[in-house]
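Asker: Sequence and computational prediction follow.
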Amino acid sequence: MTKPYQGTKGNHWILPAIVVATAWFAACAATPPVADSPIAPTADHSRLEDMNQKYSGGRNFCDKGDFENAIRTLEPVWLWNADYEEVASYLTRSLLFSGLEFYAEQRYPVAIDRWERALAVDPGNAKAKRYLARARQELQNIGRVEDGRRR
């Protein structure tokens, strides 16, 4: 059985290796983290935390039926990243229900605004298209009634 190579003076390589390793670790500790390092605090990281909080708060508002606060909270998240989790779904739902509330109060221009914004988030949303057409028709009907009264 052969012995592992120990050199002429035994383990003479250990001390220089320890010195090099110690110097390397000291240099790493003294160097600030690189900007895109996962441990480096960055503006993007704090922005992500802010968007996470807004998204979470917006979902809670939506689930509780507070659609105006949900819109106010979710819209900046959607503008920041439209593909972020389910922000588009929650924002669309909030805009649809908010529009329905304004429609029920006969505040048609505000309802139309909400449904147009819902279509900006989800261009294929059939409900928003239907609601928008109905509200525009109501505005036309009101205009005809008012024109008839003036004559």
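Answerer: Noted; the coordinates are in hand.

Asker: and Glu75, what does it touch?
Answerer: Contacts for Glu75 (Cβ atoms under 8 Å, 6 or more residues apart in numbering) come out as Leu91. Glycine gets a C-beta too; all of them are placed from N, C-alpha and C.

Asker: Would you point out the helix or strand in the chain whose mean pLDDT is lowest?
Answerer: Every helix and strand of the chain was ranked by mean pLDDT, DSSP states H and E. The lowest is helix 14-30, at a mean of 54.

Asker: after that helix, next one along is what?
Answerer: Once the chain leaves helix 14-30, the next helix or strand it forms, by DSSP states H and E, is helix 43-64.

Asker: quick one: contacts of that following helix?
Answerer: 67, 69-70, 73-74, 76-77, 80-81, 84-87, 90-91, 93-94.

Asker: Try it again at 10 Å.
Answerer: Helix 43-64 is contacted from outside by 35-36, 38-39, 42, 66-78, 80-81, 84-87, 89-91, 93-94, 97, using Cβ atoms under 10 Å, 6 or more residues apart in numbering.

Asker: Out of those, name the ones that lie in helices.
Answerer: Taking DSSP state H, the ones among the contacts of helix 43-64 that sit in helices are 67-78, 80, 87, 89-91, 93-94, 97.

Asker: Separate out the buried members of the residues you listed.
Answerer: Buried positions within the ones in helices among the contacts of helix 43-64, assessed by neighbour count (16 or more other Cβ atoms under 10 Å), are 67, 70-71, 73-75, 77-78, 87, 90-91, 93-94, 97.
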